[in-house]
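Enquirer: Have a look at this fold, sequence not included:
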């Protein structure tokens, strides 16, 4: 079996996928006659391919004598459910209660890009202003203002506050997030009780029943949804597949290890501490749910006392895969809208069985990886 992946780095829109390498890992499932090989594959998950060779790619396929083997004609009697160990990133960062960051974070990010454009225009104007003055064109904002013992250009007095105001707003948003987290840790609500009525299968509706032992006054709208995505591969697996040593220069698309923002087994280290806002040190794994960079939502429905049926995502996806190279992750989210402090999320990982047939999905929905950019 061969697994191939070209996973989108943090802020993937800055990269050209076709220029990045594909990480490849192999392992032997069976050695023997054709009948033994077919029997082994009939009791294994089918192949799948998400994306394409010139785009982001997540693929699991079978090889026979070093060549791709087509398993579309193999009959499988049951939906295969993998029994691999749950990745550490799921245990620590995708299970339990989560908060949503202050909306100021996303507003400030857009504001910063605009102020940088204004700064570049201003610097360009100050550079060409002497030339314009030599032709008799009067200058705008080139006068000086005395502050203390020094004279400053008028434009500088206007532009500098625009550059520092986003920093002040970001600090204020982080402080508000810390206050919200501390308040939540002191009085966290009881966890919802989710009953899975049938074994979930990729591409089929999900049947569940949700019970809320506690409903608070500030909760206004409560709904449940499910989604699927791809988590980053293990950093050491990517380095090994590309023939690189972790202590040496990383391959294209990966950054150098950042000890203060990256923990072994949780991500690929490319976020650089920007995936989530400032988090409370007492919450192991953090209280902000990081979006999957490849992700698609399924159906959603309001909470009720009856059985809830959620339709699957529109695209074809495989079931749960938990290897060092490929991690297909499914999860249920209880979304609680509050009058203050933003929505509250309860996340439950979901073990989903594979379909019986091969899957081909040419398009992969990607996200930039920031928590404040996640739309739930």
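Expert: Structure's in. What do you need? Bear in mind that the values here come from a model prediction, so they are computed numbers and not experimental data. Residues are numbered from 1 along each chain as shown.
Enquirer: so how far is residue 115 from residue 140?
Expert: Relative to residue 115, residue 140 is positioned 19 Å away (CB to CB, to the nearest Å). All C-beta atoms are positioned from the backbone trio N, CA, C, and that covers glycine.
Enquirer: sorry, that was for residue 248
Expert: 38 Å.
Enquirer: Low-confidence bits of the stretch 201-350 of the chain, can you list those?
Expert: Filtered on pLDDT under 70, the stretch 201-350 of the chain yields the residue ranges 257-269, 271-273.
Enquirer: Just the strands from it, written as ranges.
Expert: Applying DSSP state E, counting those that start in this stretch to the stretch 201-350 of the chain gives strands spanning 206-211, 219-231, 294-302, 308-310, 321-322, 327-338, 344-350.
Enquirer: Can you give the strand pairings for the shortest one, parallel or anti for each?
Expert: If you go by DSSP bridges, strand 321-322 pairs up with strand 327-338 (antiparallel).
Enquirer: which one is residue 322 nearest to, not counting chain neighbours?
Expert: Spatially, and ignoring its direct neighbours in sequence, residue 322 is nearest to residue 84 (3.9 Å; CB to CB, 6 or more residues apart in numbering).
Enquirer: So which of residue 248 and residue 115 has more stuff around it?
Expert: The neighbour comparison of residue 248 against residue 115 (other CB atoms under 10 Å) goes to residue 115, with 17 against 9.
Enquirer: So that one sits against residue 162, correct?
Expert: Yes - counting by CB atoms under 8 Å, residue 115 does reach residue 162; the two are 4.9 Å apart.
Enquirer: So which residue of the protein lies furthest out from the middle?
Expert: What lies farthest from the middle of the chain is residue 136; by CA atoms, centre = their mean that is 55.2 Å.
Enquirer: What score does that one have for pLDDT?
Expert: On pLDDT, residue 136 comes in at 76.
Enquirer: quick one: stretch 288-297 to chain centroid distance?
Expert: Centroid separation for stretch 288-297 versus its chain: 4 Å, with CA atoms, centre = their mean, to the nearest Å.
Enquirer: I meant to write stretch 313-323 there.
Expert: For stretch 313-323, the distance to the chain centre is 15 Å (CA atoms, centre = their mean).
Enquirer: Stretch 51-63 too?
Expert: The answer for stretch 51-63 is 19 Å, by CA atoms, centre = their mean.
Enquirer: With stretch 184-202 instead?
Expert: 21 Å.
Enquirer: Stretch 17-37 now?
Expert: Counting by CA atoms, centre = their mean, stretch 17-37 comes out at 26 Å from the chain centroid.
Enquirer: and the end-to-end length of it?
Expert: 34 Å (CA to CA, to the nearest Å).
Enquirer: Buried residues in it, which are they?
Expert: Within stretch 17-37, the residues that count as buried by 16 or more other CB atoms under 10 Å are 17, 20, 23, 25, 37.
Enquirer: I appreciate the help and will end here.
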